[in-house]
Every structure is written in structure tokens, then in C-alpha cells.
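K.L.:
Model the following, please.
(2 chains)
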Amino acid sequence: DSGVTQTPKHLITATGQRVTLRCSPRSGDLSVYWYQQSLDQGLQFLIQYYNGEERAKGNILERFSAQQFPDLHSELNLSSLELGDSALYFCASSVDNPLSEQFFGPGTRLTVL
Amino acid sequence: ELKVEQNPLFLSMQEGKNYTIYCNYSTTSDRLYWYRQDPGKSLESLFVLLSNGAVKQEGRLMASLDTKARLSTLHITAAVHDLSATYFCAVGRTGNQFYFGTGTSLTVIP
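P.N.:
Just a heads-up that it's a prediction; the model follows:
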């Protein structure tokens, strides 16, 4: 157990819908990272937040957005969902930025029908 | 965009044997990470390599980094079944961008 929690574990929804994935980092970690893992695109870095501020953007679609709240938990919002958005979404956290080891949560499996 | 190539993609090896997984990347990098992923599970951090010539070892796994060659290796010594998993390398760049390799699926056969 990494200490990073993610909810929900599974999510099934329809195309065009909007969902929110939630992540709570390890106690004391200020950085939160979001990743997408799919069969066709592999593991992709989406976005990073550090102490409430966006620090880096990767291959995040415009339909996706994220935020980190004062209590350091983070949410990833996915809107206008498409079939291709079906994937595992991982959150990771680290103590500081940018050289620290990252600890990954269990992931949220999103299925878009 | 930075490209990260791992090889082999699939590796089947006998228990007790040694083997190396290679991770090549296309441009300069600040740091190199190795992760393990068991089927249906999350990623587990194995090593973080921060400088040229860095070598880290944990049990039967040893990772090294050659920034001049843009190459990292993950060496497996005397493999055991418990090491069966998918191994990913990931490269970090200034600006906190992270790029993952395709993964190496390792199966250790008794």
C-alpha cells in the first residue's frame, strides 16, 4: 500500500458524459501527478500539481482538467467523454518537486460505452 | 517530443539466469525512473537515478544510468518467479515532463 488513495476504483459511463476522479496523496506529499494508461497509448503523463498550483502539463486533452485543493487532494475532471478515453487513470504523489520518488495510487478504471 | 524505447518488449527467462533490460531515450534528461507493474495492479517505484554513472541495487535488481549514451539498464541477477512483472522506465525532463517507455513484460520460468 503506497498510501495514495483513489476513488472510485471503477467507473462505467456513456459517451458525452462528464466524470470526476479523486486522489488523496500520501500524508506530507505536496505534489500530485495524473497519468493515463491505455493499451494503445501506453502510460502517459497528464498533469502535475504542487501545493495547489499547476506545475507541468503533459498530453492532457482540452476536455480534461484537474485541480488540487487546499487539503492537497486532487480531482481530475474528464468531460465530453469518448470511447478512446477508456483507460486506467493513476494518481501519484511525491514529497517535493521535482526529483522525488513518486508513489502511485491503485488507479481508477474508466470504461466509456 | 522525447522518445523512450525499451527492449526487449517481452522477455521469458529461466529461473537462476541473468538478463538486462535496456532503456534508450532521445534527448537529454534530468532523471530516470524504473517501475514495476504486476498484472491489474498499480506501479511500484524501484529506482530513481539522478546523475551520470548512478548505480542502484535492490535485491536481484540493479539499475544504472549513462546520460552521455542516453541509456539506462535494469539488470536482473539469478531471476526468480516473483520477479515476473512488467517493468517500465520513465524519463524526467526540466519542466517536470515525464515520458514512459513501452514496458518490458518479464516472465520467469521455473
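K.L.:
Next, see if stretch A:10-27 gets close to chain B.
P.N.:
No: Stretch A:10-27 is not in contact with chain B by C-beta under 8 Å from any C-beta of the partner chain; minimum separation 11.9 Å. C-beta coordinates here come from the backbone N, C-alpha and C atoms, glycine included.
K.L.:
For that stretch, which residues meet the burial criterion?
P.N.:
For stretch A:10-27, the neighbour count (16 or more other C-beta atoms under 10 Å in any protein chain shown) marks A:Leu11, A:Thr13, A:Val19, A:Leu21, A:Arg22, A:Cys23, A:Ser24, A:Pro25, A:Arg26 as buried.
K.L.:
Smallest gap between chain A and chain B, at which residue?
P.N.:
A:Ala56 (3.5 Å; C-beta to the nearest C-beta).
K.L.:
Around residue 87, how many other residues sit close by?
P.N.:
If you meant another chain, say so; for now it's chain A. The tally of other residues near A:Ala87 (other C-beta atoms under 10 Å in any protein chain shown) stands at 22.
K.L.:
sorry, should have said chain B
P.N.:
By other C-beta under 10 Å, the residues close to B:Tyr87 number 23.
K.L.:
Same question for the one 10 residues further on.
P.N.:
B:Gln97: 19 surrounding residues under other C-beta under 10 Å.
K.L.:
Now do it against chain A, distance only.
P.N.:
6 Å (C-beta to the nearest C-beta, to the nearest Å).
K.L.:
For that residue, which residues are in contact?
P.N.:
A:Phe45, A:Ala56, A:Gly58, B:Leu2 (C-beta atoms under 8 Å, 6 or more residues apart in numbering or on different chains).
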